[in-house]
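Novice: quick check, what structure comes out for this input:
(one chain, ligands or ions: 1)
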Amino acid sequence: MTGRVVVLGGGCTGPLLGLLLARRGCEVHLYERRADARRVPLPAGRSINLALAARGIAALERAGLMESVRPLLVPMRGRRVHDDGGGTRFLPYGQRPHELLWAVARADLNHVLVDAAEAAGVTFHFEHACRGADFARRQIEIEDLAAGLRFEIPLAPVIAADGSGSALRQAMVAAGLATAREETLAHRYKELTIPAGPGAAHRLAPDALHIWPRGGYMLIALPNVDGTFTATLFLPAEGAGASFAALESVGAAHALFAREFPDALALMPDFDAQYAANPVGRMSTVYAAPWHVAGDALLVGDAAHAIVPFHGQGMNCAFEDCVVLDDLLEANAGWAARFARFDALRREDTAAIARMAIDNYTEMRDTVRDPRFALQKALSLELERRRPDRFIPRYSMVMFHAEIPYAEAERRGAVQAELLEAATRGCTTLADVDLPALIAEVDARLAPITPPGG
Ligand SMILES: Cc1cc2nc3c(=O)[nH]c(=O)nc-3n(C[C@H](O)[C@H](O)[C@H](O)COP(=O)(O)OP(=O)(O)OC[C@H]3O[C@@H](n4cnc5c(N)ncnc54)[C@H](O)[C@@H]3O)c2cc1C
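Specialist: This next block holds a predicted model:
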C-alpha cells in the first residue's frame, strides 16, 4: 500500500494508527494541536494515568511496542475498597495470574508511541491544529499555531483521532454529512496527586485500584511507577450536598475529605493547594453517524465514540479501532470501502461499551458497597471456575478477553446478571446458593463461547 494519509491528533490513537499505516507503506502526516509532549509537559488534570487492559495490550503487541511499554506499567490485581468506617476490602478483578489491569502514565505512553511512530516514518506537525474542512473542495484547513498562519492541505484520505471535541467531526456535521450528539454527564472530576513516601515507596498498597465509594460520588486512586498515586474525585457538578458547586471553597472540600476520605487526606499534605489549582473536567459520551465521508475522511477513537471513563476502556477501545483498521488495510480495497466497513464493524461494539461504561459508574460509586455485590462477584468467579467456556464475568470479558467483542460481552452479561440476581436472592453466603440448579441454568442459557473463527 502506498500514498499519503493525513492523521489528525497525536494523543493515544493518532500515533499508534500512524505507525500501523506507515508500516503498511503509507506516507503519514500527523497534525497535533499541542506542542511535542516529549519536550513540553502535558497540562495538569487530564487523566494523568490510565488503566491498560487486554484490548489495548493486543493493539500494542500488534505494533510490536509491548517491550517498550512494559517498564511503564504498574499491575493492579483488583479493587481495594475503602469503606465508610475506615476498613478496607480487596475485590480481585479476575482469578487467573494474567487477569490484571495495568496503570500507565498517559504522558509516558504517549512518548513511546510518538517515538515509535516517528521511527516508522510518520512526519509529526506539532502545534498544528485542524480548523475545519471543505468536503466539496476536498481541503482541510490547518493552523500553524506557532507561526499564526492558516493554510490548506488536500483532504483525502484523512483519519481524525482528534479526541472527543473533534474538529473534523464538527466540520462533517456543519457540512450536513454527519449527525453528532455529545451527552455530558452531570458529574465532573478533579485529579489530585498522592505523593510518594520515602525512597519512592507507594503510600497505599500499589497492586490495586483504590476506591472510596460513597453512594452518589467517589474517590479513586491509581498507582504510578514513581511511587505516587493519581487520585480522582468524581462528584455531581451541581447540588446542595457533595458537589463541585458546593465545594468551590477549599475549606469546604477539605471538610468533605476529612469526613469521607480521611485516610486519603492524611496522605496529601498539600491538599488545599492542589484542590485550588487543579481543574475540574467534564465527561461525555459522543454519538455520531456516519463516521466517514466516502473515502475522504474517517473518525476513530474518541472523535467517533468517546465514552465516560468508568470502565477504563476509552483508550483500550480506541486502540482496538486501530487493530480493526489495520486488518482492513490488509485487504486490497479502496479507502471508501475500508472506511464504510470500519463503520459497520465497530458501531455495535462501541455502542455496547458506551452503555457498559455508564453502568460501571453506578457499580463503582454505589453497588460495590452492597454485600450482595461481593457475594455475586464471588459466585461469578465460582461459576467461571466450573464453566469457563460458558460463564465469564462481564467485567472479565471486557477487560481480559480481547477476543470477545464488547456487544457479545454486554449480551452475555445481561443473561448472567439475571441468573446471579435470581440465585442470590435471600442469600448471604455462597453456601446458601443452590449451585447445582444454577449451573444447570448456565448450561441451558449460555452457549459455549466460540473463539473467533472457531
Ligand atoms: C478522567 C479520565 C480517565 C480515563 N481513564 C481511562 C482508563 O483508565 N483507560 C482507558 O482505556 N481510557 C481512559 N480514559 C479515556 C481515554 O483518555 C480516551 O479514550 C483516549 O484518550 C482517546 O484517545 P484519542 O486519541 O481518541 O483522543 P485523545 O487522547 O484525547 O487525543 C486527541 C488528540 O488530538 C489533539 N487535538 C484535538 N483537537 C485537535 C485539532 N483541532 N487539531 C489537531 N489536533 C487536535 C489533542 O491535543 C490530543 O492530543 C479516561 C478519560 C478520562 C477523561
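
Novice: the ligand contacts on the stretch 251-400 of the chain?
Specialist: Residues of the stretch 251-400 of the chain lying close to the ligand by CB under 6 Å from any ligand atom are Gly281, Met283, Gly301, Asp302, Ala303, Pro309, Gly312, Gln313, Gly314, Met315, Asn316, Ala318. All C-beta spots, glycine's among them, are computed from the backbone N, C-alpha and C.

Novice: contacting residues around the closest residue to the fifth one other than its chain neighbours?
Specialist: Once flanking residues are discounted, Ala303 sits nearest to Ser166: 3.5 Å by CB to CB, 6 or more residues apart in numbering. For Ser166, the contacting residues are Leu8, Gly9, Ala160, Leu299, Asp302, Ala303, Ala304, by CB atoms under 8 Å, 6 or more residues apart in numbering.

Novice: now with 10 Å?
Specialist: The contact partners of Ser166, taken as CB atoms under 10 Å, 6 or more residues apart in numbering, are 8-9, 130, 160, 172-173, 180, 286, 288, 299-304, 306.

Novice: and it, how far from Ala175?
Specialist: Here the criterion is CB to CB, to the nearest Å. By it, Ser166 lies 14 Å from Ala175.

Novice: also Arg425?
Specialist: 54 Å.

Novice: looking at the two, which is more packed in?
Specialist: Counted by other CB atoms under 10 Å, Arg425 and Ala175 do not tie: Ala175 has more neighbours, with 14 against 10.

Novice: so who does the more buried one touch?
Specialist: Ala175 sits next to Gly132, Ala133, Asp134, Phe135, Ala136, Val293 when contact means CB under 10 Å, 6+ apart.

Novice: now with 6 Å, please.
Specialist: Phe135 (CB atoms under 6 Å, 6 or more residues apart in numbering).

Novice: and Phe124, by the same measure?
Specialist: By CB under 6 Å, 6+ apart, the residues touching Phe124 are Leu30.

Novice: now do the same for it: its pLDDT.
Specialist: pLDDT for Phe124: 98.

Novice: what helix or strand does it sit in?
Specialist: strand 123-126 (DSSP states H and E).

Novice: for that strand, buried residues please.
Specialist: Phe124, Phe126 (16 or more other CB atoms under 10 Å).

Novice: how about that strand and the ligand, touching?
Specialist: No. Strand 123-126 lies out of reach of the ligand by CB under 6 Å from any ligand atom, never closer than 9.0 Å.

Novice: just checking: what are the partner strands of that strand?
Specialist: Strand 123-126 pairs in its sheet with strand 27-32 (parallel), by DSSP bridges.

Novice: C-terminal to the partner strand, what's the next element?
Specialist: Past strand 27-32, the next helix or strand by DSSP H and E is strand 49-52.

Novice: tell me the spacing between Ala167 and Tyr31.
Specialist: 10 Å.

Novice: more crowded one of the two?
Specialist: Set Ala167 next to Tyr31 and count neighbours by other CB under 10 Å: Tyr31 wins out with 26 against 21.

Novice: which residues does the residue nearest to that one when sequence neighbours are not counted bridge with?
Specialist: Sequence neighbours aside, His128 is the residue nearest to Tyr31 in space, at 4.4 Å (criterion: CB to CB, 6+ apart). Under DSSP bridges, the beta-bridge partners of His128 are Asp144.

Novice: show me where the stretch 201-350 of the chain has strands.
Specialist: Per DSSP state E, counting those that start in this stretch, the stretch 201-350 of the chain carries strands over the ranges 208-213, 218-223, 229-236, 280-289, 292-293, 297-299.

Novice: and those strands: which comes nearest Ile194?
Specialist: Among the strands of the stretch 201-350 of the chain, the nearest to Ile194 by CB to CB is strand 229-236 (4.0 Å).

Novice: hey, which strand is longest across the protein?
Specialist: Criterion DSSP state E: the longest strand present in the chain is strand 179-194.

Novice: what's next to that strand, contact-wise?
Specialist: 45, 48, 169, 173, 228-234, 236-237, 244, 267-268, 274, 278, 280-288, 308.

Novice: now a PyMOL select for only the buried ones of these.
Specialist: Only the buried entries of the contacts of strand 179-194 go into this PyMOL selection, using 16+ other CB under 10 Å:
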select buried, resi 45+48+169+228+229+230+231+232+233+234+236+244+267+268+274+278+283+284+285+286+287+288+308
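
Novice: please list the outside residues in contact with the host helix or strand of Ser396.
Specialist: Per DSSP H and E, Ser396 falls inside helix 394-400. Contacting residues not belonging to helix 394-400 are listed as Ala53, Ala54, Gly94, Glu99, Ile404, Ala409, Gly413 [CB under 6 Å, 6+ apart].

Novice: need the nearest residue in space to the second one, chain neighbours excluded.
Specialist: Read that as Ala54. Nearest to Ala54 is Ala402, by CB to CB, 6+ apart, at 4.3 Å.

Novice: count the residues that sit near the one you found.
Specialist: Using other CB under 10 Å, Ala402 has 20 other residues around it.

Novice: now the one 10 residues further on
Specialist: Neighbour count of Arg412, defined by other CB under 10 Å: 21.

Novice: need the pLDDT of it.
Specialist: We note a pLDDT of 98 for Arg412 in this prediction.

Novice: over to Ala58?
Specialist: pLDDT, Ala58: 98.

Novice: gap between it and the ligand?
Specialist: 13 Å (CB to the nearest ligand atom, to the nearest Å).
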